[in-house]
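Need the 3D shape of this:
(one chain, ligands or ions: 1)
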Amino acid sequence: MAIVDAKEILIKATEGKYSVGAFNITNIIQMEAVVEAAIERKAPLIIQTSVTPAKAIGPEVLAAVFRVLAESAPIPICLHLDHCTDVDFCRRCADAGYTNIMIDASKQLYEENVRQTKAVSDYCHKLGNISVEGELGTVSGVEDQVVVADDEAALCDPDAAVSFVKETGVDIFAPAIGTAHGIYKTENPKLDMDRLKTIAGLINGKTLSTPLVIHGGTGLKPDVVKKLVSLGGSKFNVSTDLKHALIDSTFDHISANREQYNPGKIDDAVRKAIKKRVNYWIDLFGCEGKA
Ligand code: 13P
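Residues are numbered from 1 along each chain as shown. A predicted model of the protein is given here:
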């Protein structure tokens with residue numbers, strides 16, 4: 001139990017047709033809150049940090065807190081570096097104790113994406129007990145330092161996906177299928193479910209080897225989330241939703257208690273709000289009791 005890489009829990013999730021929540025956190029309170037919620041629901045968990053909070057707090061500090069929380073937790077937990085475009089920083093986080101690393105070279109040409117992703121895969125696999133996520137096609141919207149305009153977004157080509165996985169040695173794979181980071185601009189974003197199905201069939205049809213990742217969870221309707229999970233999305237990323245929960249709960253608490261100067265009470269309000277959202281997602285992902 002406790003500290004795991006992403007691949008091992010995601011193989012089980014793919015087999016069991018559920019998804020593991022991969023929640024982006026920006027501080028330690030949020031990290032504690034997602035862990036508490038997952039423990040209460042007996043759900044496997046992936047904690048994610050984008051590059052900016054990882055640099056601000058320090059990957060060594062984040063990994064140390066993760067270690068303390070995960071070692072005593074009765075559920076498997078992975079610490080994932082999200083959308084890192086810098087191979088050296090990927091290496092630093094792997095050295096620090098992250099157990100899944102995403103190198104995001106998806107804006108580069110195919111050959112360069114393969115080169116950078118393979119470099120990170122080789123490094124992490126040599127260290128051991130660290131899995132690697134790569135992306136092909138580009139997910140539109142804003143996720144930390146990665147900004148993809150609508151006209152830059154490109155869906156993942158299924159045949160290229162097969163060669164990408166083979167050439168890079170990635171353990172888990174994120175195909176762009178039309179989901180987006182941040183708040184969706186339309187109520188019913190156009191997602192290419194058939195493309196996901198095709199890619200899942202080509203990559204994991206004969207032998208389940210490379211679990212698939214869905215980016216851009218925030219704002220997707222419940223039936224859409226469930227459909228993506230049923231088609232093989234076994235890691236489901238949620239970031240913006242938790243940022244809103246953090247900021248709204250802080251604002252609401254301070255607005256209602258303007259004369260109270262007790263930071264612990266703000267933390268309690270944030271913890272409660274984050275746990276509520278994580279519970280919502282765990283219900284949709286079907287991962288309760290799968291730890
Ligand atoms: P959202 O911010 O849309 O939830 O996307 C999260 C994500 O995919 C992080 O990689």
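
can you map out the helices along the stretch 1-150 of the chain?
For the stretch 1-150 of the chain, applying DSSP state H, counting those that start in this stretch gives helices covering 6-16, 28-40, 51-57, 59-71, 87-96, 110-127.

now the most far-flung residue of the chain relative to its centre: how far from Ala64?
Most distant residue from the mean C-alpha position of the chain: Glu259, 37.8 Å away (C-alpha atoms, centre = their mean). Glu259 sits at a distance of 36 Å from Ala64 (criterion: C-beta to C-beta, to the nearest Å). For the C-beta atoms, the positions are set from N, CA and C on the backbone; glycine is no exception.

Restrict the longest helix anywhere in the chain to CA atoms and write it as PDB.
The single longest helix within the chain, with elements called by DSSP state H, is helix 263-285. Extracted C-alpha coordinates of helix 263-285, given in PDB (Å, rounded to 0.1, in the frame of the first residue of the first chain):
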ATOM      1  CA  PRO A 263      -5.700  31.100  10.000                       C
ATOM      2  CA  GLY A 264      -6.500  27.600  11.200                       C
ATOM      3  CA  LYS A 265     -10.200  28.300  10.600                       C
ATOM      4  CA  ILE A 266      -9.500  29.300   7.000                       C
ATOM      5  CA  ASP A 267      -7.600  26.100   6.500                       C
ATOM      6  CA  ASP A 268     -10.600  24.100   8.000                       C
ATOM      7  CA  ALA A 269     -12.900  25.800   5.500                       C
ATOM      8  CA  VAL A 270     -10.600  25.000   2.600                       C
ATOM      9  CA  ARG A 271     -10.100  21.400   3.700                       C
ATOM     10  CA  LYS A 272     -13.900  21.000   3.900                       C
ATOM     11  CA  ALA A 273     -14.500  22.500   0.500                       C
ATOM     12  CA  ILE A 274     -11.700  20.400  -1.200                       C
ATOM     13  CA  LYS A 275     -13.000  17.200   0.400                       C
ATOM     14  CA  LYS A 276     -16.500  17.900  -0.900                       C
ATOM     15  CA  ARG A 277     -15.200  18.200  -4.400                       C
ATOM     16  CA  VAL A 278     -13.000  15.200  -4.200                       C
ATOM     17  CA  ASN A 279     -16.000  13.100  -3.000                       C
ATOM     18  CA  TYR A 280     -18.000  14.300  -6.000                       C
ATOM     19  CA  TRP A 281     -15.300  13.100  -8.400                       C
ATOM     20  CA  ILE A 282     -14.700   9.800  -6.600                       C
ATOM     21  CA  ASP A 283     -18.500   9.100  -7.100                       C
ATOM     22  CA  LEU A 284     -18.200   9.700 -10.800                       C
ATOM     23  CA  PHE A 285     -14.900   7.800 -11.200                       C
END
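
Cheers, nothing more for now.
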